[in-house]
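Visitor: Sequence and predicted model, in that order:
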Amino acid sequence: MVLRIDDTDTERADEVAEARILHDLHWLGIAWDEGPVRQSERRDAHRAAAEGLLAAGHAFEDASSVRLRADHRPTLLRGDGSATYHLASVVDDLDLGITHVIRGRDHLPNTAVHTALARALGADPPEYIHHGLLVGSDGKKLSKRSGAASLDELREQGIPAEAVRAYLTELDLPRHDVQLDLARLRRLSVDTVAALSDEVLAARVGVPLELAPALRGARTLAEGRRIAEQILVAPTAGPLEERGRLTIERLRELRSADASQLDETAARAMLREVKAVGGDLKTVRRVLTGAERGPELWTVLSALNQRETLERLKRALN
C-alpha cells in the first residue's frame, strides 16, 4: 500500500488537511508500506511524461495547456506547467508500480481517460475497482446534516476506531451508494466498548484504572468520559431530608472504618448494610455524584478512595 497525497492543485493543497489524513489513518490502525508520496514533489516526472506524449503525437498543445488526444480531450498540464489529476495520477500509478486502484464510483467517468493515458505512455493500466459512496439520508455526499461528515466528528462522539473499522468491513465494497447508518455504528460502538479490557478502557477514556467498572455501561468513549467526570468532580451538596441525613451518617461510619480502596465485594457489602437500616441510596448517589442516575452505585464507591468519599459525605452533612 502506497500513501500518496494528491496535491497538484496548489489552491486546494493544505498542510493541515494532510496532517488530518495521517492522523485519521493512524487512528483507524491503517498502516502503509511506502509514503507519504506527494504529487507536488514529482512535477519533473509529470512534465517529462507530458513531453513524451507530445513527441509521440498522443497529446497536443493549445493556447494555455497540454491536452490528451482522447475522448473529451482532458487537460494534462495547466498553463503554469503543473499536472492535473489525470496526468499526475496515471504517471504516479505507473512509476510506483500500483496494481490496483480502489476508488469511489464517482471516478467511473475517469476510467476510460486513465486507461487511454496509461496505454499512450506505453504501459498497461492498473486494475480499477469502483465502489459505492457513503451518503447522507438525502442521498448526497456526507455533510453536517448527516450527523457525522468526518472521522473527526465520529471521534468527538466517542465512537471507537474499532467500531468504524467493523462497520466498513461489513460494507465491504458496495456496488451502489450506501446511506450512512449511524445507528449501526453506535451498536458496534457498544460492542467495542464492552469488549475492551479494564486497562484499555480506562486508558482510552483517560482515567485511573479504578474507574473502569463504572464505565461499563457506557455506549461510547465520550459517554465514558462524562461518567468519569461525574464521579471525579465533587458535586455541590444540596439540602438533606432526615432520612437522607441518617443514611449519609451511617455510610460515613462504615467508610471511616475501612481505609482500603474498596473492591466490588466490599463496596456491595457496604451498600447492603446501608440499605438494611432503611438507607436512601438515591441520596447516596446524589451526594457522591450530584446526579440522580448513573453507573451502578458500588462502582462509584470503589472508584473513590476513603478520603474523597468522606469529604463528600461531610460536605453534604454540613
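Guide: The structure has been received and is ready for your questions.
Visitor: CA atoms for contacts and neighbours, from now on please.
Guide: OK.
Visitor: so where do the strands sit in this structure?
Guide: Per DSSP state E, the chain carries strands over the ranges 2-5, 34-38, 59-61, 66-68, 75-77, 100-104, 127-131, 134-135, 178-179.
Visitor: Figure out which of these is closest to residue 162.
Guide: Residue 162 lies closest to strand 134-135 among the strands of the chain, at 18.2 Å (CA to CA).
Visitor: and for that closest one, what are the contacting residues?
Guide: Strand 134-135 is contacted by residues 141-142, 177-180 when judged by CA atoms under 8 Å, 6 or more residues apart in numbering.
Visitor: do stretch 301-312 as well
Guide: Stretch 301-312 is contacted by residues 210-211, 214, 231-232, 234-235, 252, 255-256, 258-264, 267, 287-288 when judged by CA under 8 Å, 6+ apart.
Visitor: coming back round to it: can you redo the contacts of strand 134-135 as TSV with neighbour count?
Guide: Formatted as TSV, the entries for the contacts of strand 134-135 read as follows, by neighbours: other CA atoms under 10 Å:
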residue	neighbour count
141	14
142	19
177	18
178	16
179	18
180	20
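Visitor: returning to that earlier point: can you select the buried ones from the contacts of stretch 301-312 in PyMOL?
Guide: Those of the contacts of stretch 301-312 that count as buried under 16 or more other CA atoms under 10 Å are selected in PyMOL with:
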select buried, resi 210+211+214+231+232+234+235+252+255+262+267+287+288
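Visitor: among the contacts of stretch 301-312, which are in helices?
Guide: 231-232, 252, 255-256, 264, 267, 287-288 (DSSP state H).
Visitor: end-to-end on stretch 231-241?
Guide: This stretch, stretch 231-241, spans 23 Å end to end (CA to CA, to the nearest Å).
Visitor: Show me what the mean pLDDT comes to for it.
Guide: In this model, stretch 231-241 has a mean pLDDT of 86.
Visitor: Now do the contacts for the residue nearest to residue 33 when sequence neighbours are not counted.
Guide: The shortest distance from residue 33 to any non-neighbouring residue, by CA to CA, 6 or more residues apart in numbering, is to residue 1 (5.3 Å). Neighbour list for residue 1: 32-34 [criterion: CA under 8 Å, 6+ apart].
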